[in-house]
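Undergrad: Pasted the sequence and its predicted model underneath.
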Amino acid sequence: SDHWLESSETPILVNFPNIQVYKSTFVRALNSEINLLLGEACKTYKKAKEDFLSVSNCTLGECGDSEGARAFRQQCRRARVPLYISCRFERKKPWKNKKANADEEVLQKDSYFLRLEGREIENKREHGLGDLWVVSNNYDFMTNSSRSKFTILARSLYFGPSSENSMQIEILGAVPASVGYGTTKNLCAIRVGSIQHEWNMLKEIEKLPNFPSRDTKLVTSLLRVQVTNFHEPLVSASPSGENGVDVKHIMNGILDRFHLNEEQQHMLQSVAKWFMGAEESEPILLLHGPFGTGKSHLLVAAIFFIIEASQEMQSKGYDETHRCRVLVSGATNNAVDRILLGLLEEGFTNFARVGSLRRMDKSVLPFSVHEKGAASEAQKELELMLQEAGSLGEKTIIRQELEAVKQGRLKDRQANLGKFPVVGVTC
């Protein structure tokens, strides 16, 4: 109905009084986002249906393949509503694991599958994991008290239909009582769009505890929640060198070397406060900005500062608790390698890159630690990469890494992984 599309605002606080408020605020905002997506699809479908019935001589009966239904499907797809008119819904009982301990209760659930007709699937690439589906036995997508009409909301658990045009789905809400085990035929369905991002965020928020603890230090710092009796001592060095470590001198050297702008300088100064024991220092810093604004350049500068300050403290007799190591982590290989390549350009080579050899930038292969561990596996992968390499430069780097693996340097990197001051890995 149209009331789903009524504009609403969910205020997002800057500072949250506690974790419960943070959780409830974002759960409400994410659910609103999903409802708006669903509401827009319903509005577009309703308009397409009204337009079809106003000009067509065909009638819409029960769901299933018919001349009128096929014409209606085309009308919907012209309106960019992916309607499927001949679907099947399969409900399967949980299978019993014979290997399970007989004395151990294993919670198992029914599984559900949506099967589409192959001729209705225009492009499987348009389907994805976490697509929101609305499945019904009537073109009004209604549910009535007599249970003769039902509608189901579901989320796809596959990246698209299988070779048999079937995909497992998760039911969002209750399963209609009229839907029993086995196959329910003559259903229609609308693929609304992907909610995978929102779904993942909801699941992560659910994992958060309601009260601060040592395990939620990151969350409480990000939310700026006031926590009593919970403080980790900062790394402390003198800002002006009274104890032999001049943090400001190191910071000024980095500023001159990397030619940082005013905003970048402000961020680096915030990093430097970690080493000064300043009360106003923030334990967590968030850096954001559009492409090309110098985020990676600043991160490279910050890493140089942290490592140089840490090394200076070690040379002045500070114990191992003051030795800093940096983890460069990102959601994509390109994001991680961008930082490591920046370090390379500045002459820094004391780092390790953990991950799949095939997916990382070729320039960081000499610093790689193969994720599978075995040198034989790394050698096989490098040999395949050599066959696929396009440029002469790539082939040269791969050949050099192949030789290094044969000489046992990969094992050396693995053995010293805990000693590298900088390690790059995808998360």
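TA: Perfect, thanks for sending it.
Undergrad: And the contacts of stretch 132-151?
TA: Outside of stretch 132-151, the residues within contact range by Cβ atoms under 8 Å, 6 or more residues apart in numbering are 34, 37-38, 41-42, 45, 49, 60, 62-63, 72, 87, 89, 114, 152-156, 169, 176-179, 184, 186-195. C-betas here are computed from N, CA, C, even on glycine.
Undergrad: now, which of those lie within strands?
TA: Counting by DSSP state E, these place 87, 89, 114, 152-156, 169, 184, 186-194 in strands.
Undergrad: Restricted to buried residues, select the residues you listed in ChimeraX.
TA: Buried members of the ones in strands among the contacts of stretch 132-151, defined by 16 or more other Cβ atoms under 10 Å, are picked up in ChimeraX with:
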select :87,89,114,152,153,154,155,156,169,184,187,188,189,190,191,192,193,194
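Undergrad: need the next SSE after the helix or strand hosting Ser270, C-terminal direction.
TA: Using DSSP states H and E, Ser270 sits within helix 262-276. Elements were assigned by DSSP H and E; along the chain past helix 262-276, the next helix or strand is helix 295-315.
Undergrad: Select the helix or strand of the chain having the lowest average pLDDT value.
TA: helix 217-223 (a mean of 69; mean pLDDT, DSSP states H and E).
Undergrad: Skip ahead from it and say which helix or strand is next.
TA: Past helix 217-223, the next helix or strand by DSSP H and E is helix 247-258.
Undergrad: do you know how far the nearest residue to Leu298 once chain neighbours are set aside is from Leu132?
TA: Of all residues not flanking Leu298 in the chain, Gln264 sits nearest, at 4.6 Å (Cβ to Cβ, 6 or more residues apart in numbering). Separation of Gln264 from Leu132 (Cβ to Cβ, to the nearest Å): 41 Å.
Undergrad: Ok, Phe89 next?
TA: 16 Å.
Undergrad: now swap in Val300 and tell me
TA: 40 Å.
Undergrad: thinking again about what came up before, pull the contacting residues for the residue nearest to Leu298.
TA: Phe258, Gly294, His297, Leu298, Ala301 are the contacts of Gln264 under Cβ under 8 Å, 6+ apart.
Undergrad: got a list of what the third one touches?
TA: With contact taken as Cβ under 8 Å, 6+ apart, His297 is in contact with Phe258, Leu260, Gln264, Gly342.
Undergrad: what's around Ser54, how many residues?
TA: Ser54 has 7 neighbours, counted by other Cβ atoms under 10 Å.
Undergrad: is it true that Lys23 touches Asn210?
TA: Yes - taking contacts as Cβ atoms under 8 Å, Lys23 lies within contact range of Asn210: 7.5 Å.
Undergrad: out of those two, which sits in the busier spot?
TA: Lys23 (18 against 9).
Undergrad: in the stretch 51-200 of the chain, what spans have low per-residue confidence?
TA: Scanning the stretch 51-200 of the chain for pLDDT under 70 picks out the ranges 96-108.
Undergrad: for stretch 317-324, what is the average pLDDT?
TA: For stretch 317-324, mean pLDDT rounds to 76.
Undergrad: make that stretch 375-386, sorry
TA: On average, stretch 375-386 scores 82.
Undergrad: quick one: contacts of that stretch?
TA: Contacts for stretch 375-386 (Cβ under 8 Å, 6+ apart): 357-358, 370, 372, 395, 398-399, 401-402, 405-406, 408, 410-411.
Undergrad: Leaving out sequence neighbours, find the closest residue to Met167.
TA: Nearest-residue entry for Met167: Tyr158, 4.0 Å, with adjacent residues in sequence omitted and distances by Cβ to Cβ, 6+ apart.
Undergrad: name the element that neighbour belongs to?
TA: Using DSSP H and E, no helix or strand contains Tyr158.
Undergrad: tally of neighbours for it?
TA: Tyr158 has 17 neighbours, counted by other Cβ under 10 Å.
Undergrad: Compute the inter-axis angle for the host helix or strand of Tyr112 and strand 151-156.
TA: In this assignment (DSSP H and E), Tyr112 forms part of strand 111-115. Between the axes of strand 111-115 and strand 151-156, defined by axes from the mean of the first three to the mean of the last three Cα atoms, to 10 degrees, the angle is 100 degrees.
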